[in-house]
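Asks: Dropping a prediction and its sequence here:
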Amino acid sequence: MTEQQLLDLIERMNHQGDTNTSDDSISWHAFRYAETLQDRTIIPLAIDLVERLESHEQRDSLYFILYHIGRHLGDRDVFLFLVDRLGLESNKYVLSSLLGHLATLDDGYQGIVSVKQLVPYATHSAWQVKYDAIQVFHLCDPIEAECFLRTQLAVQAHDAMALQYLVGELSYVGNKETIPSLIKLAEHQNGGVASSAIRTLTQLGDESLLPLFIECMSRRSIEVKYEAMYAISVHGNESAIPVIIQRVRQLISRKRIVEDDALIVAMTFLSRYPDHVDVIRIIDWMIKKKWDFLFSHEQEWLRRQNILF
């Protein structure tokens, strides 16, 4: 690809012409094409070109191209370049886009950015920038990242969405030091925050947290109940059977509209105790009284269990 071809692609990516549908536009097709690029020779062309692009929309498109080439080639240097560009951009949408690209990288790219580099964006006044920046900390030194993110739990106490992103990122870099802060958030009045905390506690914690998970099953939030039940399926023991049976009865007390895997999570846990009298009873009740209340995938799952048939 020549520089002129690259410029033409960027122009098409920013095309504003009228179309009947967004997926039939010049811009849409240009972005889909850009996602497929794997030509290493484009990298030096793009790096040389970026400083000459006056429009932040054009630079944003160029970063998009570089990101996808970097992903296809596994080129660490491309992402180091994108990190460096953070300090040279001021538009909140471009910053958010750059950070969003970096956030998708796995920990195989750990070390391409430091906590110090990310702090200005994780504390940015623009929510778009802040939320995307928080999701990049798994690429930093895990000890430094955990310390900063845990501190931000208090700083961002009144921003429920920020708390969810912080807790989510702590699932990658958190450790035993993180757990007390997460236990507090598991009791948060916002269901999204509480469920996120329980999800991360499931990853970082152990069976000692079982009383907390059981207590969370009494919360009104469906999200919280689900995450608590999943946590019990991971760390639970026989003492959790009553609360899981109670949830099974709640789930199929009436016919449901939205399919999910909550019932299967519950039954997977209960199936560990096939000889427990209460487990036998709930299975018998489901088959004889509630079979028509089950979704087809739930019926099929139950058919495959030797304890049933």
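Replies: Cool, the structure landed.
Asks: how about low-confidence regions in the stretch 201-309 of the chain?
Replies: Applying pLDDT under 70 to the stretch 201-309 of the chain flags the ranges 306-309.
Asks: Which parts of it are helices?
Replies: Taking DSSP state H, counting those that start in this stretch, the helices of the stretch 201-309 of the chain run over residues 210-216, 222-235, 241-251, 262-270, 277-289, 296-303.
Asks: Out of those, which is closest to Asn91?
Replies: Asn91 sits nearest to helix 222-235 of all those, at 34.2 Å, using C-beta to C-beta. (Each C-beta comes from the backbone N, C-alpha and C, glycine too.)
Asks: quick revisit: closest one to Met161 among the helices of the stretch 201-309 of the chain?
Replies: Closest to Met161 of the helices of the stretch 201-309 of the chain, according to C-beta to C-beta: helix 222-235, at 14.1 Å.
Asks: Enumerate the positions of that closest one that are buried.
Replies: Using 16 or more other C-beta atoms under 10 Å as the test for burial, helix 222-235 gives 223-233, 235.
Asks: Distance to Leu62 for the helices of the stretch 201-309 of the chain - can I get that in JSON lines?
Replies: Below are the helices of the stretch 201-309 of the chain laid out as JSON lines (distance: least, C-beta to C-beta, whole Å):
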{"stretch": "helix 210-216", "distance to Leu62": "46"}
{"stretch": "helix 222-235", "distance to Leu62": "39"}
{"stretch": "helix 241-251", "distance to Leu62": "50"}
{"stretch": "helix 262-270", "distance to Leu62": "44"}
{"stretch": "helix 277-289", "distance to Leu62": "57"}
{"stretch": "helix 296-303", "distance to Leu62": "45"}
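Asks: Would you tell me which of those helices gets closest to Glu11?
Replies: helix 222-235 (44.0 Å).
Asks: Make JSON lines out of the buried residues of helix 222-235 and add distance to His276.
Replies: As requested, the buried residues of helix 222-235 are exported to JSON lines (distance: C-beta to C-beta, whole Å):
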{"residue": "Glu223", "distance to His276": "28"}
{"residue": "Val224", "distance to His276": "26"}
{"residue": "Lys225", "distance to His276": "22"}
{"residue": "Tyr226", "distance to His276": "23"}
{"residue": "Glu227", "distance to His276": "24"}
{"residue": "Ala228", "distance to His276": "20"}
{"residue": "Met229", "distance to His276": "17"}
{"residue": "Tyr230", "distance to His276": "20"}
{"residue": "Ala231", "distance to His276": "20"}
{"residue": "Ile232", "distance to His276": "15"}
{"residue": "Ser233", "distance to His276": "15"}
{"residue": "His235", "distance to His276": "18"}
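Asks: Next, give phi and psi for Ser181.
Replies: Here is the backbone geometry of Ser181 (degrees, to the nearest 10): phi -70, psi -40.
Asks: residue contacts, it?
Replies: Residues in contact with Ser181 (C-beta atoms under 8 Å, 6 or more residues apart in numbering) are 150, 153.
Asks: Residue ranges in the stretch 1-150 of the chain under the pLDDT threshold?
Replies: 18-23.
Asks: Quick check: the nearest residue to Glu259 once chain neighbours are set aside vs Met286, distance?
Replies: Leaving out its chain neighbours, the residue that sits closest to Glu259 by C-beta to C-beta, 6 or more residues apart in numbering is Phe295, at 5.2 Å. Per C-beta to C-beta, to the nearest Å, Phe295 is found 12 Å from Met286.
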